[in-house]
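Enquirer: sequence below, structure please.
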Amino acid sequence: MSSDGNLSGSAHQSSRFLATWLIGGVVLGISVLGFYSVIPKGILKKKKKRPVRVYMDGCFDMMHYGHCNALRQARALGDQLVVGVVSDAEIIVNKGPPVTPLEERMIMVNAVKWVDEVIPDAPYAITEEFMKKLFDEYNIDYIIHGDDPCVLPDGTDAYALAKKAGRYKQIKRTEGVSSTDIVGRMLLCVRERSTADSPKHSSLQRQFSHGHNQKLVDGGSGTGTRVSHFLPTSRRIVQFSNGRGPGPDSRIVYIDGAFDLFHAGHVEILRLARGLGDFLLVGIHPDHTVSAHRGAHRPIMNLHERSLSVLACRYVDEVIIGAPWEVSKDTITTFNISLVVCGTVAEYNDYQKDKNNPYAVPMSMGIFQTLESPLEITTSTIIKRIVSNHEAYQKRNEKKGESERKYYEGKTFVTGD
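Expert: Predicted structure coming up:
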């Protein structure tokens with residue numbers, strides 16, 4: 001056979017091989033497509049990753065923006081935040097009597113917009129049994145606490161077991177505020193009461209005031225409010241803000257007030273107000289306005305502190321920082337307000353008797369509504385609780401004050417926000 005014949009035979013074999021390969025590929029492809037077509041939808045999808053669940057506990061007594069910021073930071077370390085609220089009994093044993101009972105503290109924590117789930121009656125210390133429950137029943141990945149030490153009465157670390165298990169993460173403490181400091185501010189509000197009471201109040205002020213925050217300042221209008229060591233930044237306000245405005249057809253509800261010592265009564269009236277529309281706008285009165293209507297030593301918390309506390313509430317969409325006392329036609333038009341509301345329980349409720357009724361304009365427009373307040377709690381209610389049980393709180397703050405003093409003496413920079 002000639003070489004040409006050999007070449008022809010080779011070419012013929014190659015052609016047959018290529019044809020067989022192509023036909024086989026088509027058949028295989030059809031088979032694979034058929035296989036995929038009979039598989040139920042979703043089987044071949046990538047398995048959804050389980051959300052990272054983090055846990056943070058606390059007393060959350062007289063809850064303030066520092067607590068809220070801790071919860072915000074904790075939530076940023078995972079996808080879902082579970083919060084344990086320590087029982088009244090546990091607080092009494094470890095710290096002294098709480099100012100706000102568990103029921104009120106639960107309302108406050110549930111209202112924080114970074115919280116996904118709440119566990120009532122949590123233990124003060126992370127025990128072996130409770131830690132196992134967190135991991136097994138609540139699917140917790142990490143236990144979170146601030147950089148300030150949490151020491152039990154016997155001197156041991158309350159989070160020692162979580163650290164040993166490698167399931168502990170730390171966040172940065174929010175400077176400039178503490179429950180101890182807030183109690184001191186409250187006592188300054190009542191320091192000029194009766195002469196008979198003044199020695200008691202002076203003693204209390206010494207106990208509740210520690211070296212780094214004793215100073216007073218006159219805010220320019222004779223307010224004489226206690227100096228706040230909180231350093232407000234634009235970034236902090238952005239972190240607390242929702243970052244979105246109302247839609248073009250939103251029903252905007254407006255409520256204003258001092259919102260001093262943000263408490264469960266405030267939360268509940270805001271919840272009702274939010275239910276009346278699509279967007280809740282809250283006006284926070286400036287310090288000098290609050291002082292003019294409630295006395296020289298009010299407010300206890302300054303404007304920025306009060307604004308952050310309100311912004312952290314899940315029922316609030318936006319705040320006006322330094323809102324005017326009177327709700328004017330211009331304010332209503334500027335913010336496209338559909339309804340102005342006011343609760344029945346407030347420090348100052350004689351507005352209709354005033355020569356300058358702050359709600360005269362919305363009343364004349366037929367867009368004003370009074371809401372029945374769910375709770376009989378005001379800022380004065382909280383202050384009275386402190387004053388009426390001053391000896392117990394004095395002992396409580398003696399212990400707490402010592403730990404805070406040690407914290408500030410040994411304070412170092414911690415990364416985070």
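Enquirer: output the lowest mean pLDDT helix or strand found in this structure.
Expert: Across the helices and strands of the chain, mean pLDDT, DSSP states H and E gives its lowest value to helix 198-208, namely a mean of 45.
Enquirer: immediately after it, which helix or strand?
Expert: helix 234-240 (DSSP states H and E).
Enquirer: who are the packing partners of that following helix?
Expert: helix 65-76, helix 303-311 (3 or more C-beta pairs under 8 Å, 6 or more residues apart in numbering; DSSP states H and E). Yep, even glycine has a C-beta here, placed from its N, CA and C like the rest.
Enquirer: pairing partners for the helix or strand following that helix, with directions?
Expert: Downstream of helix 234-240, the first helix or strand assigned by DSSP H and E is strand 252-257. The pairing partners recorded for strand 252-257 under DSSP bridges are strand 279-284 (parallel), strand 337-343 (parallel).
Enquirer: chain center to strand 252-257, what's the gap?
Expert: 20 Å (C-alpha atoms, centre = their mean, to the nearest Å).
Enquirer: how about stretch 374-384?
Expert: Worked out by C-alpha atoms, centre = their mean, stretch 374-384 lies 20 Å from the chain centre.
Enquirer: show the end-to-end separation of it, please.
Expert: 20 Å (C-alpha to C-alpha, to the nearest Å).
Enquirer: now swap in stretch 128-148 and tell me
Expert: Start to finish, the residues bounding stretch 128-148 are 22 Å apart (C-alpha to C-alpha).
Enquirer: and if you look at stretch 299-319?
Expert: 18 Å.
Enquirer: helices of the stretch 301-417 of the chain, start to end?
Expert: In the stretch 301-417 of the chain, the helices defined using DSSP state H, counting those that start in this stretch lie at 303-311, 329-334, 360-364, 379-388, 390-409.
Enquirer: which of those helices has the lowest average pLDDT?
Expert: Lowest mean pLDDT of the helices of the stretch 301-417 of the chain: helix 390-409, a mean of 56.
Enquirer: and Y315, what does it touch?
Expert: Applying C-beta atoms under 8 Å, 6 or more residues apart in numbering, we find Y315 in contact with A111, V267, L270, R271, A273, R274, L280.
Enquirer: low pLDDT regions in the stretch 251-400 of the chain?
Expert: Low-confidence segments of the stretch 251-400 of the chain (pLDDT under 70): 351-354, 390-400.
Enquirer: again, 80 this time
Expert: For the stretch 251-400 of the chain, the stretches with pLDDT under 80 are 348-355, 387-400.
Enquirer: tell me how far the nearest residue to V340 once chain neighbours are set aside lies from G295.
Expert: Residue nearest to V340 in three dimensions, not counting chain neighbours: P362, with 3.9 Å by C-beta to C-beta, 6 or more residues apart in numbering. Between P362 and G295 the computed distance is 27 Å (C-beta to C-beta, to the nearest Å).
Enquirer: got it, and S250?
Expert: Distance from S250 to G295, by C-beta to C-beta: 37 Å.
Enquirer: quick one on the thing from earlier: which of P362 and G295 has more residues huddled nearby?
Expert: Legend: neighbour count by other C-beta atoms under 10 Å for P362 and G295, higher for P362 (22 against 15).
Enquirer: what residues are up against the more buried one?
Expert: P362 touches V327, I332, I337, V340, F368, counting by C-beta under 8 Å, 6+ apart.
Enquirer: quick one: it from L276, how far?
Expert: 14 Å.
Enquirer: could you do A160 as well?
Expert: Taken as C-beta to C-beta, the span from A160 to L276 is 48 Å.
Enquirer: not counting sequence-adjacent ones, nearest residue to the residue sitting nearest the centre point of the chain?
Expert: Within the chain, the residue whose C-alpha comes closest to the C-alpha centroid is C68; the distance, by C-alpha atoms, centre = their mean, is 3.0 Å. In space, and not counting its chain neighbours, C68 is closest to A312: 3.8 Å by C-beta to C-beta, 6+ apart.
Enquirer: for the one you found, what are its contacts?
Expert: Neighbouring residues of A312 by C-beta under 8 Å, 6+ apart: Y65, C68, R72, V112, K113, W114, F240.
Enquirer: what is the neighbour count of the last one?
Expert: It refers to F240. F240 has 23 nearby residues by other C-beta under 10 Å.
Enquirer: ditto for the fourth one
Expert: Residue neighbour count, defined by other C-beta under 10 Å, stands at 23 for V112.
Enquirer: likewise for the third one?
Expert: Other residues lying near R72 total 22 when counted by other C-beta under 10 Å.
Enquirer: that one reaches W114, doesn't it?
Expert: Yes: look at R72 against W114 with C-beta atoms under 8 Å: they come within range, at 4.9 Å.
Enquirer: got the contact list for V112?
Expert: Applying C-beta under 8 Å, 6+ apart, the residues near V112 are H67, C68, L71, V83, A312, C313, R314.
Enquirer: any idea how far the second one lies from T174?
Expert: Counting by C-beta to C-beta, the gap between C68 and T174 amounts to 9 Å.
Enquirer: ditto for the first one
Expert: Per C-beta to C-beta, H67 is found 8 Å from T174.
Enquirer: settle it for me: which of the two has more neighbours?
Expert: A side-by-side neighbour count of H67 and T174, using other C-beta under 10 Å, places H67 first with 25 against 21.
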